[in-house]
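J.: Here is my input, please return the structure:
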Amino acid sequence: MEFFTAYKEPRPVRLPEMTRTFAYESLHYKYGRDTWENQAVSLDHIPNFDQLSTLEKYNAAIFEIASNAPIRVCENELISGAATLGAAIKHMVPATYNGKLLFDSVSHLTLGFDNVLKFGVNDIKKRINKSLSNQTNKKNIETLKSMLHCINCLEIWHGRYIEALSRSKKYAGNLKNLQNVPFQPATSFYEAVQSLWFTFAFTRLCGNWPGIGRIDAMLGPYLKKDLAQGIITIQQAREVLAHFFIKGCEWVRGGDYEGGDAQHYQNIILSGVDENGEDITNEVTYLVLDIIEELGISDFPITVRVNKNTEITLLKRMAEVIRHGGGIVAVYNEDLILDALTDFGYDLKEARTFANDGCWEMQIPGKTCFSYAPFDALKLLQDATLAGYDKNKTCFDTYEGLYQKFLEDLKEAVENIYKECSYDSEYWNLRAETPCSVVSLFTEECIERGLSYFDGGAKYYVISPHIGGLPDVVNSLYAIRRLVFEEKKVTFPGFMDILKNNWEGYEPLRQYVLNHYEYFGNDNDEVDRIAVQLLDDFSDICQSLNGRSIILYPAGVSTFGRQIQWAPERMASPHGRKKGDVLAGNLSPTPGTDLKGATAVIKSYCKANMKKLVSGAALDINLFPTTVYDNEGIEAIIGLIQGFVKLGGFFMQLDVVDNNILKQAQVHPENFPTLSVRVSGWNARFVTLNKEWQDMIIQRVSKENA
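T.: Alright, predicted model coming up:
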């Protein structure tokens, strides 16, 4: 029973064989395929269902889910509760009427699970009743009553598990541990893990995809107390926590999909400081890394908050986990992110609690309604600024004139996003009518305001424009500047004709453009300055719109794999790529252009003022397995992390991957069922990605690993 590793030695064994078997079976589809067989509950039997309001239909759906979703108690599980309806895997509330799913669900958020552990769900119920006593508006009252109804449904679901566990003395420990949570505050580490899992599982059962957040900050104090009192050993704690991670594999079902089988945004954040600036790194931090190192579970992408004071012990453990591959552990530059958040207007104490939306975008957990608006800047350059390469509609005498026109087009695009998503727009009103009471329960101020998560209930309402294709815009502008305006190898109209015809008949010139210039990602100041300027200008445009309403409007950079769907719509590019080529992801170099290794890529990326990119910008770094062997490899990974933080990076995704192994997995997927790769803000088993996405992963691996 082995778990895939890119390292030369097997993963370590610390957990009991029974727990390892549970993990192995979960990763090999035992529970995911069972979940997929039970898609949804039916609402067809409800009298006069068509006459119910949207919120009443949602309430009925949550009740049926809680009352009739299959109950699953896995053999030898240590914590209980399971999201057993397959439609939830599709980001839908798993309830149908006349065979159709009715409601989309909620993702890109981290809920206030910490308050459940500290105060219990019964405290939420008290807050709802108090708010109800102060409300007179009918809509507010209906919203609050729906939240109360969802707690009642949670109680029903909880009761069904209590009854199921009562059937066998084998699960007496589970029964005792689940008896009071999540309704009462957790009193031990074991209860805290169970409370966190059960609450998370219920939100997932109802179709939502929340992140977990700062799991060590939440669970660490419980473990510290229990260890001191001799209630639990570190080995027992590791096993209990391992069951949390294994239970999170309950949707693993094989097959192949556009984004793989683990894109459910259940991200975890480790380490960093608390609201008072004190380091929270604790035993749970290291237990999580132990579990991931041993089992290679990639369903909970992990990001460690690293700062200038992070101890070498933690960096070493990160490196030891990273070298096994899978892309599971990523890096936040905590110091820079805190500066970014406070510069943007967040209170420092609140900023210090940051987590993410389930990918990498910053948010204050349990207090934020977040969405992002992606757009393709390369297509904007090609279609708007360069008029579809129509030489009769576009011509520039200088590079400066070209850049200024692109900046005008960029500003218009970003302003249009703001108008389309602004308060009281059609987008806002449609979202406001989307029922989401389960999520509203765990989002601060929804209860006090009597408003849902989507209807302005959350303390912070964030819409982030995300520029995509930026490295390719930078490379395109650089190629035009060099080829047309500096070297004058071709006229501007002539170059437009060449690009419009997909470089046909000009292969020597295309090869010159591809191979003669050093593009973004090679620590070349000449091209990197374009990236710095463009990111500055984009951030300034976003900031000029921020504060005009209750909506916060932070800048971000991402593609999240959209470079695949964008490819057919793009024309040939000035930096030598042909129509339909899959190009750069996130803020990483165009595939095949990073010629000088990981250090040069990091240096190019870090030249930009990342403090202005409040929503985040991801850098993908791929390392060949032999470069991270032994102590020298550990030191190399630590050096990359420390250099990234010192140079002012924002977010870095490290993966250790061999292209030859990936190509073998394409041909013989049956031999690599648990081979994990970092996709974007999430991980996936490589063999569950469809061919296009697999090819993208292979293509983006740095040229020295090709």
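J.: how much space is there between the nearest residue to Phe560 once chain neighbours are set aside and Tyr453?
T.: Spatially, and ignoring its direct neighbours in sequence, Phe560 is nearest to Ser680 (4.5 Å; Cβ to Cβ, 6 or more residues apart in numbering). Using the backbone N, CA and C atoms, a C-beta is placed for each residue, glycine as well. Taking Cβ to Cβ, to the nearest Å as the criterion, Ser680 is separated from Tyr453 by 24 Å.
J.: pretty sure the residue nearest to Phe560 is touching Leu619, no?
T.: No. When contacts are counted by Cβ atoms under 8 Å, Ser680 is not listed as touching Leu619 (11.7 Å).
J.: Now for the two: what residues contact both?
T.: Taking Cβ atoms under 8 Å, 6 or more residues apart in numbering as the contact rule, Ser680 and Leu619 both touch 586, 653.
J.: Quick one: the helices in the stretch 451-600 of the chain, in order.
T.: Under the criterion DSSP state H, counting those that start in this stretch, helices of the stretch 451-600 of the chain are mapped to 470-480, 492-500, 507-516, 525-545, 562-566, 598-606.
J.: other SSEs contacting the fourth one?
T.: Here helix 525-545 touches helix 399-421, helix 470-480, going by 3 or more Cβ pairs under 8 Å, 6 or more residues apart in numbering; DSSP states H and E.
J.: Could you check the angle that helix makes with helix 470-480?
T.: With axes from the mean of the first three to the mean of the last three Cα atoms, to 10 degrees defining the directions, helix 525-545 sits at 130 degrees from helix 470-480.
J.: List the buried residues of helix 525-545.
T.: Buried residues in helix 525-545, counted by 16 or more other Cβ atoms under 10 Å: 527-528, 530-531, 534-535, 538-539, 541-543, 545.
J.: next one: the fifth one
T.: Of all the residues in helix 562-566, those buried under the rule 16+ other Cβ under 10 Å are 562-564, 566.
J.: Can you list the helices and strands that it packs against?
T.: strand 368-376, strand 460-468, helix 691-700.
J.: Kindly recompute the last result at 6 Å.
T.: If you count contacts as 3 or more Cβ pairs under 6 Å, 6 or more residues apart in numbering; DSSP states H and E, helix 562-566 packs onto no helix or strand.
J.: And the contacts of that helix?
T.: Here helix 562-566 makes contact (Cβ atoms under 6 Å, 6 or more residues apart in numbering) with 376, 468, 582-583, 585, 692, 696.
J.: Show me the domain layout of the chain.
T.: Domain segmentation of the chain under automatic domain parsing yields 17-361, 368-596.
J.: Turn those into a markdown table, including distance to Leu613 and mean pLDDT.
T.: Output for the domains of the chain, formatted as a markdown table (distance: least, Cβ to Cβ, whole Å; pLDDT from 0 to 100):
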| stretch | distance to Leu613 | mean pLDDT |
| --- | --- | --- |
| domain 17-361 | 7 | 97 |
| domain 368-596 | 5 | 95 |
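J.: biggest helix in this protein, by residue count?
T.: Longest helix in the chain by number of residues (criterion: DSSP state H): helix 138-165.
J.: Could you list every helix and strand that the host helix or strand of Ile291 packs against?
T.: Per DSSP states H and E, Ile291 falls inside helix 283-295. Judged by 3+ Cβ pairs under 6 Å, 6+ apart, the packing partners of helix 283-295 are helix 215-228, helix 234-247, helix 312-322.
J.: Swap in 10 Å and give it another go.
T.: The helices and strands touching helix 283-295, judged by 3 or more Cβ pairs under 10 Å, 6 or more residues apart in numbering; DSSP states H and E, are helix 17-27, helix 189-205, helix 215-228, helix 234-247, strand 268-270, strand 302-306, helix 312-322, strand 329-333.
J.: Just put those in a markdown table and tack on distance to Ser133.
T.: Below are the helices and strands packed on helix 283-295 laid out as a markdown table (distance: least, Cβ to Cβ, whole Å):
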| stretch | distance to Ser133 |
| --- | --- |
| helix 17-27 | 45 |
| helix 189-205 | 26 |
| helix 215-228 | 31 |
| helix 234-247 | 37 |
| strand 268-270 | 36 |
| strand 302-306 | 40 |
| helix 312-322 | 48 |
| strand 329-333 | 42 |
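J.: Perfect, that will be all.
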